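S.K.: below are the sequence and a predicted model for it; my questions follow.
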Amino acid sequence: MLSKNNKITKVDDRLKHIAFIMDGNGRWAKKRLLPRQVGHKYGAKAFKDIVKYCFELGIKTVTTYAFSTENWSRPQAEIDSIIQLLRDYNTEIIEDGHARIIYIGDKSNLPNDLATVMIEGEEKTKDRDFLLNIAFNYGGRSEIVNAFNKLIKEGKDSITEEDISNSLYTSGVPDPDLIIRTAGEYRLSNFLLWQCAYSELYFTNVLWPDFGRKQLDAAIKDFYNRDRRYGGLNKNEEKK
């Protein structure tokens, strides 16, 4: 990692994949006596800038938790606003020519027109270098169940960890090195439950619409100060 004037300028291969649980849009709006939809609009603005910044830093893969399988219980007006923001961003990312997009989650029970938009985005961006996973209609438990059912259909009678990893929505993508959650909640909320086994977790009280490059720099610096042992010993312990 290189830094200049206390600012991150580039990451190294220790940080290849970063994931975000983008929480706090509704609370951000409520504090300002605004509709929740406005919070999502400003959250989308923060999302676009953070994704762009991650790629500028050399982070090859970004995953964002946009809409969970449980979020369908929210008011319809809020759901509609989130879906429209997704449609708009899908068009933008196709046109900007920079990142590949993959929608991770269950597309099978989505409205046909929305699933078509997602598939179009994936197809038209498939040859690009940087990868953006958007988790929509996503749940970590259902993803694992889906992976097992897929393996059963393939006739597997003995299943390995590699088999499961290769059957997830994120097949072929390195597990996240760092998962960041905003808005002061200290849980994963059914996000990347298999993939997070050795991810570093970073929690901040900052609401997502207020999470910017400065806050991401702080999270990355914290990540680089951690000792990732993967169940082993650190270098000082090994010498004893």
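M.R.: Thanks, I have it.

S.K.: can you name every helix or strand that whatever helix or strand Cys54 lives in contacts?
M.R.: Using DSSP states H and E, the element containing Cys54 is helix 36-56. Using 3 or more Cβ pairs under 8 Å, 6 or more residues apart in numbering; DSSP states H and E as the contact test, the elements touching helix 36-56 are strand 17-21, helix 25-31, strand 61-68, helix 76-96, helix 213-224. Using the backbone N, CA and C atoms, a C-beta is placed for each residue, glycine as well.

S.K.: helix or strand right after the fourth one?
M.R.: Tracing the chain past helix 76-96, the next element assigned as helix or strand by DSSP H and E is strand 99-104.

S.K.: which elements pack onto that next one?
M.R.: Packing partners of strand 99-104 (3+ Cβ pairs under 8 Å, 6+ apart): helix 76-96, helix 112-124, strand 130-138.

S.K.: so, low pLDDT: which residues of this structure?
M.R.: Where the chain drops to pLDDT under 70, the residues are 1-6, 230, 232-240.

S.K.: on that earlier part again, how about the helices and strands packed on strand 99-104 in TSV, adding mean neighbour count and distance to Thr61?
M.R.: Shown next, in TSV, are the helices and strands packed on strand 99-104 (neighbours: other Cβ atoms under 10 Å; distance: least, Cβ to Cβ, whole Å):
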stretch	mean neighbour count	distance to Thr61
helix 76-96	15	15
helix 112-124	15	15
strand 130-138	23	5
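
S.K.: any idea which of the ones you listed gets closest to Pro209?
M.R.: Smallest distance to Pro209 across these (Cβ to Cβ): 12.6 Å, for helix 76-96.

S.K.: now do the closest one against strand 99-104, angle only.
M.R.: Using axes from the mean of the first three to the mean of the last three Cα atoms, to 10 degrees, the inter-axis angle of helix 76-96 relative to strand 99-104 is 150 degrees.

S.K.: please state the offset of helix 76-96 from the chain centre?
M.R.: Taking Cα atoms, centre = their mean, to the nearest Å, the mean C-alpha location of helix 76-96 is offset from the chain mean by 16 Å.

S.K.: contacts made by that helix with the rest, please.
M.R.: Contact with helix 76-96 is made by 26, 35-37, 40-41, 44, 47-48, 66-67, 71-72, 99, 101, 114, 117-118, 120-121, 124-125, 132, 134, 136, as judged by Cβ atoms under 8 Å, 6 or more residues apart in numbering.
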